[in-house]
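K.L.:
My questions are about this predicted structure, shown below with the sequence.
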Amino acid sequence: MILPRIEAVLVEDDLETQVKVIDILARLGYDVEPFSDSLSARGHADGSNIPDLIVLDRNIPYAAGGADSSKIGDELLDYMWAKYPDSAFIVFTGKADIEGIHHALRERGNLTLEPGLSIARVQHFTKQETLKFRAAALKIAQHFARLNAVEVIGVTSDELESRILKRVAFHFQGESVTATKLEDGSTSDQVWKCRVVAGFAPVADIVVKVSRKSVPIGSFQAMLPASTLVARSLVTLTGLLHGRVVTVYSSAGEVTGSLHDEIALRPDRAAKFVGEVADGLKVIVEAHGHVERLQHLVTPYITWEDLEGRISALGLTPPSPSLPITSLTYAQHGDLHPGNILICGEQAIIIDLDSQTMGSGLVDPIALFWGAVFNKNSKIKNSPWPSEALCASFPQPKDKAGSQQLKESLQGCPHPEWVLAVWDWIGSRAASPREYWALTLAFAARQLKYSDIRDSALQRSRVDALIRRAVAALAN
């Protein structure tokens, strides 16, 4: 049997034992990176390379040449266990006692690798139990061997992407998966539409979203129990995926693209979808109007410390963090840029629920409005609209003169229907001018963390102008 290469970390200070364990694991298909002390292993954990299996001796020195201690081994297990939330662990030690076994195994949970295969996240063996150690490592290797048999069609040869797609296909008992990339998220994680096939028959048409954290339960999604706007989550996959969380959504038909595509190609149709989304989300009942402090209102987009620093870097005086702002609180998607609204036939489907939050009712419409301009996957980001001059004097909703200014700015704009549709949604949710400017300020300042914004003269000028405009408005 040809097994795929699997990444493993070994922490063992006895060189003879280290050589033996490396040999066992290498024969099973593991690439092993050995360490002899806790300090060097912690240095590995601070890097970006995420192992599939971590084998730890319990009695190790803190640094090279130091004295062995079971306490040091226990502390390293706790550190690595927290650092690598979906890696498998084996404590393989020569000195086992009840206290050590209890510490290794207590409340560590399980990893579900595939239907019918769940393993304890941390397993414990003595060095006299070599056969049991080998069997545990083999079970993980066999999991990868079964995944390796799945054929992936239509994507790059990236090893992690391939592993994720194989895992998804295997979950649906497929033999091949054809994946079409929709677009990256803001963190460069992937969204694919996938068809999983077994034999001659398709067994799943799905949307696959990769993230780095689990989708929260409740909030925005729970407030829409009967809505067809939100794609239904079929399954969440974790474990031996290099720290990624994979959410599989049902597909409500053939996915033809995202709202980014509609804005650029069919802005009138994009406007229609915005209206449908806005109407559909009306079932989320807002709280009564209340006064919120600026530093709390901006948190769905950016921390107050980061916001304050970015405003100061432009030579501006930040508004007071305790500035009172009238607001209405809703359950919010939290990252509703146009790439997170897929188009399935004549239906808009909202995906990527990682950032669900409770916040100002403007969190989602402002993200949709400015996300069409600033998101790295935007098809209109190089459009001359909005100009730097317009951003420097941008209007506010529910203001007759401001609305007229916005309409006049759309002469020559290739997507005016889209702009006006989202502007109407913003106006319907704005509780106060301060609320609008606070969220606009926070969203604009957040863009400065992205290199594509900082490296684009056009985008950077827009962001700077919006920040200045919002700071000036909040000072009045």
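P.N.:
Great, that's in hand.

K.L.:
Ile263 is in what secondary structure piece?
P.N.:
For Ile263, the host element (DSSP states H and E) is helix 259-265.

K.L.:
Output the contacting helices and strands for the helix or strand just after that helix.
P.N.:
Counting by DSSP H and E, the element after helix 259-265 in chain order, helix or strand, is helix 267-280. Packed against helix 267-280 by the contact rule (3 or more CB pairs under 8 Å, 6 or more residues apart in numbering; DSSP states H and E) you find helix 259-265, strand 341-344, strand 347-350, helix 416-429. (Glycine included, C-beta is placed from N, CA and C.)

K.L.:
One more pass at 6 Å, please.
P.N.:
Contacts defined by 3 or more CB pairs under 6 Å, 6 or more residues apart in numbering; DSSP states H and E place helix 267-280 against helix 259-265, strand 347-350, helix 416-429.

K.L.:
CA atoms only: put the next helix or strand after it into CSV for me.
P.N.:
Past helix 267-280, further along toward the C-terminus, the next helix or strand under DSSP H and E is strand 290-293. Provided in CSV are the C-alpha atoms of strand 290-293 (Å, rounded to 0.1, in the frame of the first residue of the first chain):
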residue,chain,number,x,y,z
HIS,A,290,-30.4,52.8,22.7
VAL,A,291,-27.3,54.8,23.2
GLU,A,292,-24.0,53.0,22.5
ARG,A,293,-20.4,54.2,23.0
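
K.L.:
Kindly present the helices and strands packed on helix 267-280 as JSON lines, with separate columns for distance to Asp205.
P.N.:
Below are these laid out as JSON lines (distance: least, CB to CB, whole Å):
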{"stretch": "helix 259-265", "distance to Asp205": "19"}
{"stretch": "strand 347-350", "distance to Asp205": "13"}
{"stretch": "helix 416-429", "distance to Asp205": "28"}
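
K.L.:
Could you dump these into JSON lines and include distance to Leu410 and mean neighbour count?
P.N.:
Putting those into JSON lines (distance: least, CB to CB, whole Å; neighbours: other CB atoms under 10 Å) gives the following:
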{"stretch": "helix 259-265", "distance to Leu410": "14", "mean neighbour count": "22"}
{"stretch": "strand 347-350", "distance to Leu410": "23", "mean neighbour count": "21"}
{"stretch": "helix 416-429", "distance to Leu410": "4", "mean neighbour count": "20"}
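
K.L.:
Against Asp335, how distant is the residue positioned nearest the centre of the chain?
P.N.:
The centroid of the chain falls nearest to Ser211 when counting by CA atoms, centre = their mean (3.3 Å). Ser211 sits 10 Å away from Asp335, going by CB to CB, to the nearest Å.

K.L.:
for stretch 119-131, which positions count as buried?
P.N.:
Of all the residues in stretch 119-131, those buried under the rule 16 or more other CB atoms under 10 Å are 119-127.

K.L.:
Quick one: mean pLDDT for that stretch?
P.N.:
On average, the pLDDT along stretch 119-131 is 92.

K.L.:
Quick check: which of the helices and strands packed on helix 267-280 is nearest to Val196?
P.N.:
Set against Val196 and scored by CB to CB, these come closest in strand 347-350, at 18.9 Å.

K.L.:
Name the next helix or strand downstream of that closest one, please.
P.N.:
According to DSSP H and E, the helix or strand after strand 347-350 is strand 357-360.

K.L.:
Give me the contacts around that following strand.
P.N.:
Applying CB atoms under 6 Å, 6 or more residues apart in numbering, the external contacts of strand 357-360 come out as 297, 300, 327, 329, 331-332, 334, 435, 439.

K.L.:
again, 10 Å this time
P.N.:
Contacts with strand 357-360, where a contact means CB atoms under 10 Å, 6 or more residues apart in numbering, come from 216, 219-220, 286-287, 292, 296-301, 325, 327-335, 363-364, 366, 429-432, 435-436, 438-439, 442.
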